[in-house]
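**Student:** 3D, please:
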Amino acid sequence: MSLPPPPVYAPPSGPLRIVHQDEALIVLDKPSGLLSVPGRGPAHADSLASRVQAEFPDARIVHRLDMATSGLIVLARGAAMERALSIAFQKRQVEKLYVAVVAGQIAEDSGEIDLPLITDWPNRPRQKVDFELGKPSLTGFEVLARDAARSTSRVALTPHTGRSHQLRVHLLAIGHPILGDDLYGDAASRTAAPRLLLHATALALPHPQSGAMLRLESPPDF
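**Tutor:** Presented below is the predicted three-dimensional model:
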C-alpha cells in the first residue's frame, strides 16, 4: 500500500481551551491538526506543549495525542507533578475514553480488539499488526449508534494499552477504519470526513496531590 504524501503542517490558530487548571496540572482540549509536542524542524515548532509553556513555563507533557486526534490532554506543573502523573499512566491508573466514527456498520454491540502491534519500519510512522513480534495491545469498544444511510458507526473506545496509533490500527484491522484517517484509511474513508473523527472525550486520573479521582469530559464536535 503506497502512502499518501504528508500534508503541509498548518496547525489551527486561536487560543487553546483549558478544561481544568490548578497548581499541579493543566488539562486542555487539543484541536485536531495541532502537534502535542514540537516536531522536527522549524516548520513543526508550533505545538500544544509550546503554546502552553509560553503562558505556563513549568508545564510538562506527560502523554500525547496524535496530531490528527482531538480531545483531552494533560500537562503537569513542574518536575514532581510530572513524575507523579507519569507513574499514574505507567500503572494504568488513568482511565481514557474516546469517541470515533468509523466506516461500515459494526455487527457486534460491544467487544474487545486484542491484536499485537509493532512499528511498520519501512513505512514509519505507520504501525501494523504482527503476531510474532508485536506488543500486546487491547482496545474495548461499544457501538453508540449506527447510520445505515451513510454506512457508518459511532463507537466509544477504551484503550487498555497505550500503543502508538492503537485505536486507528485496531479499527482498521477489524475492517472499520476511522473516517478521515489519511494514514490508514482507504480512498473512500479518507475523504468521508474533513479530519480524523477521533476524539479523547473523557479522562479520569488520580490527582497528583490529593489522590482524589479527577474526572473530566469534552464532547466531540462531530
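
**Student:** contacting residues around the residue lying closest to Ala68 once chain neighbours are set aside?
**Tutor:** Nearest non-adjacent residue to Ala68, counting by C-beta to C-beta, 6 or more residues apart in numbering: Leu196, 3.7 Å away. To be clear about C-beta, it is placed using only N, CA and C from the backbone, and glycine gets the same treatment. Applying C-beta atoms under 8 Å, 6 or more residues apart in numbering, we find Leu196 in contact with 32, 66, 68-69, 168, 178-182.

**Student:** If any of those are buried, give me the PyMOL selection for them.
**Tutor:** PyMOL command restricting the contacts of Leu196 to the buried ones, with burial defined by 16 or more other C-beta atoms under 10 Å:
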select buried, resi 32+66+68+69+168+178+179+180+181
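
**Student:** And the contacts of Leu196, which is closest to His207?
**Tutor:** Relative to His207, the closest of the contacts of Leu196 is Thr69; by C-beta to C-beta it sits at 24.2 Å.

**Student:** So for the residue nearest to that closest one when sequence neighbours are not counted, what's the pLDDT?
**Tutor:** Spatial nearest neighbour of Thr69, excluding adjacent residues (C-beta to C-beta, 6+ apart): Leu198 at 4.8 Å. Looking at Leu198, its pLDDT is 98.

**Student:** so Leu198 bridges to which residues?
**Tutor:** Beta-bridge pairing for Leu198 (DSSP bridges): Ala100.

**Student:** any idea how far Lys128 is from it?
**Tutor:** Going from Leu198 to Lys128 by C-beta to C-beta, to the nearest Å gives 18 Å.

**Student:** Check Gly71 too.
**Tutor:** With C-beta to C-beta as the criterion, Gly71 and Lys128 are 24 Å apart.

**Student:** my read: Gly134 touches Leu117, true?
**Tutor:** Yes. Using C-beta atoms under 8 Å, Gly134 is in contact with Leu117, at 5.0 Å.

**Student:** Find residues that contact each of these two.
**Tutor:** Lys128.

**Student:** Compare those two (neighbour count), which wins?
**Tutor:** Higher neighbour count among Gly134 and Leu117: Leu117, with 22 against 16, using other C-beta atoms under 10 Å.

**Student:** quick one, what contacts that one?
**Tutor:** The contact partners of Leu117, by C-beta under 8 Å, 6+ apart, come to 127-130, 134-135, 137, 163-166, 169-170.

**Student:** From those residues, pick the one nearest Ile113.
**Tutor:** Set against Ile113, the nearest of the contacts of Leu117 by C-beta to C-beta is His170 (4.2 Å).

**Student:** Name the helix or strand for the residue nearest the centre of the chain, please.
**Tutor:** Most central in the chain under C-alpha atoms, centre = their mean is Leu65, positioned 4.1 Å from the mean C-alpha point. Under the criterion DSSP states H and E, no helix or strand holds Leu65.
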